[in-house]
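Colleague: have a look at this prediction, sequence included:
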Amino acid sequence: MKYNIDLILEELYGLQRLGIKVGLKHTVQLLDKIGNPHNKLKLIHIAGTNGKGSTCSMLSNILIEHGLKVGLYTSPHLLRFNERIQINGNHIPDDYIAQFFDKNRKHINFIKSTFFETTTALAFDYFHDKSVDIAIIETGLGGRLDSTNVISPIVCGISAISFDHTEILGDTIEKISKEKAGIIKEGIPVATFEQENKILQVIDRTCREKNTSLEIIQNDDIIISKVDKKGTYFYYSSLEIELPLFGDHQVQNCSLAICLSKYALGAAVSPSKIKTAISKSIWKGRLEKISNNNLFYDVAHNYDGVKAMLNTINVLYPDKKKVGLFCIKSDKNILAICKLLKNNFKKLIVCSDKDGYLVKVSDLLSIMNENNIECLSVGSVEEGVSLLNEYNNPNYLNLIFGSHYIASEVYGSIGKYFDRTYN
């Protein structure tokens, strides 16, 4: 049977009307209807506010380099839904998505499964059907009540925790940390890296309650030797690593990925294969240079993400004037982000997305004006990129940031089109 994948995806995206449902009930019901494939998989579970996607990607590369068939489930996607579900870097085929949805439509509709619940079940079904050796699962939102938290992994990883989605996860760092630490299971080891004491105390307490071990990568365990335009060079766990990503936060994410890989590989772990895998690691939309005229795109979309991005840019390009194209989702702490933006850009341009997911450009401009941030507005991402091109000279660095939702518009505006066929 030939399927129209665009119609199938339109139906799948339509499930977003059901909103975000915290809790595992519907996911458990749907997985039961399709044979509980998650119970037949070897899994690694990763939660956090920032960096969990990068950690998952680097961990996947390490395990692939060791010869394993590795499933990877992350969200959101940048350009196409299929990016969310991969095996050894290959995206799930259109036909598999369509067949799964067609086969299970009655269950999905009866249970009233949300978009993310359905996508999670699809990922587990695909990984089981293709007999992966191991699958890496990134949480969507939080941890304790996230749809992915139906699994029993071999190890749990927790990346950087900070304020985000406070309306769902809580308004203190302790509450948010407790939700993230909700992925911790009885007797299943946990790894994280050094971060705020309040966060580590919550993670440590949860590990004690669950009778399991906690490995914390200390800042002193990591020695950064050099940072240049090609990436970051550092030492961790007796390894000299060449990471083609930028920022102290990516070094921490990489170290966590290496740490987690040892739980998966055991005695089979190869230092040389780890180094090779990391040297080939690329994660789109993370200070990604998308053209030759010093134009970068970063999906940083909350306070800590934007702060880390700016810190990294200031280290890499201390003498360049920054011009920014900025947009943001309404549920973010925009006022806190404004404090980071103020006096950090020679020129700041604000925009919105064509689909209306982000703050309207008129509203965003008002917020900037109220915070005494000088900026101008444009009607589209494409118009904003055209303005950035006016600063195409060695004295400037041009930066597009604030959201995943504009990725297709960003890449399209610079003529960077991607093959839509993954079959």
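Modeller: Cool, got the structure.

Colleague: now the helices for the stretch 151-300 of the chain?
Modeller: Remark: helices assigned in the stretch 151-300 of the chain by DSSP state H, counting those that start in this stretch are 166-169, 173-180, 197-209, 248-265, 271-279.

Colleague: so residue 415, which state does it fall into?
Modeller: Applying DSSP: H, G, I helix; E, B strand; the rest coil to residue 415 yields a three-state assignment of coil.

Colleague: what is the neighbour count of it?
Modeller: Neighbour count for residue 415, taken as other Cβ atoms under 10 Å: 7. Any C-beta I mention is one placed from the backbone N, CA and C, and that applies to glycine too.

Colleague: heads up, I number from 38, so please use that
Modeller: Renumbered: residue one is now 38, and that last one reads residue 452.

Colleague: so what's it scoring on pLDDT?
Modeller: For residue 452, the pLDDT comes out at 80.

Colleague: these two touch, right, residue 194 and residue 81?
Modeller: Yes: counting by Cβ atoms under 8 Å, residue 81 is a contact partner of residue 194 at 6.9 Å.

Colleague: sorry, back to before: for residue 164, which of the helices of the stretch 188-337 of the chain is the nearest?
Modeller: helix 285-302 (14.7 Å; Cβ to Cβ).

Colleague: tell me the buried residues in the closest one?
Modeller: 285-302 (16 or more other Cβ atoms under 10 Å).

Colleague: surely residue 390 forms part of a strand?
Modeller: No: the assignment for residue 390 (three-state DSSP) gives coil, which keeps it out of a strand.

Colleague: skipping adjacent residues, who's closest to the residue nearest the centre of the chain in space?
Modeller: Centrality entry for the chain: nearest residue to the mean C-alpha point is residue 90, 3.3 Å, by Cα atoms, centre = their mean. Excluding the flanking residues, the one nearest residue 90 by Cβ to Cβ, 6 or more residues apart in numbering is residue 111, at 5.0 Å.

Colleague: bridge partners for residue 110, pull those for me.
Modeller: Applying DSSP bridges to residue 110 gives these bridge partners: residue 122, residue 174.

Colleague: next: residue 413.
Modeller: Beta-bridge partners of residue 413, as defined by DSSP bridges: residue 386.

Colleague: now do the strands in the stretch 38-187 of the chain.
Modeller: Along the stretch 38-187 of the chain, the segments classed as strands by DSSP state E, counting those that start in this stretch run 80-84, 107-110, 122-124, 127-128, 171-175.

Colleague: what about the fourth one, distance to the chain center?
Modeller: Centroid separation between strand 127-128 and its chain, computed with Cα atoms, centre = their mean, to the nearest Å, is 17 Å.

Colleague: now it: mean pLDDT?
Modeller: On average, strand 127-128 scores 97.

Colleague: just the pLDDT for residue 57.
Modeller: On the pLDDT scale, residue 57 gets 67.

Colleague: now do the contacts for residue 378.
Modeller: 343, 361, 363, 385, 405, 410 (Cβ atoms under 8 Å, 6 or more residues apart in numbering).

Colleague: could I get the average pLDDT for stretch 210-225?
Modeller: Mean predicted confidence for stretch 210-225 is 96.

Colleague: of all the residues in it, which ones are buried?
Modeller: Neighbour-count burial for stretch 210-225 [16+ other Cβ under 10 Å]: 210, 213, 214, 215, 216, 217, 218, 219, 220, 221, 222, 225.

Colleague: does the second one really touch residue 207, like I thought?
Modeller: Yes: Residue 213 is in contact with residue 207 according to Cβ under 8 Å; the separation is 5.3 Å.

Colleague: dump the helices of the stretch 188-337 of the chain to TSV, plus distance to residue 275.
Modeller: Formatted as TSV, the helices of the stretch 188-337 of the chain follow (distance: least, Cβ to Cβ, whole Å):
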stretch	distance to residue 275
helix 203-206	37
helix 210-217	29
helix 234-246	24
helix 285-302	11
helix 308-316	7
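
Colleague: cool, thanks, talk later.
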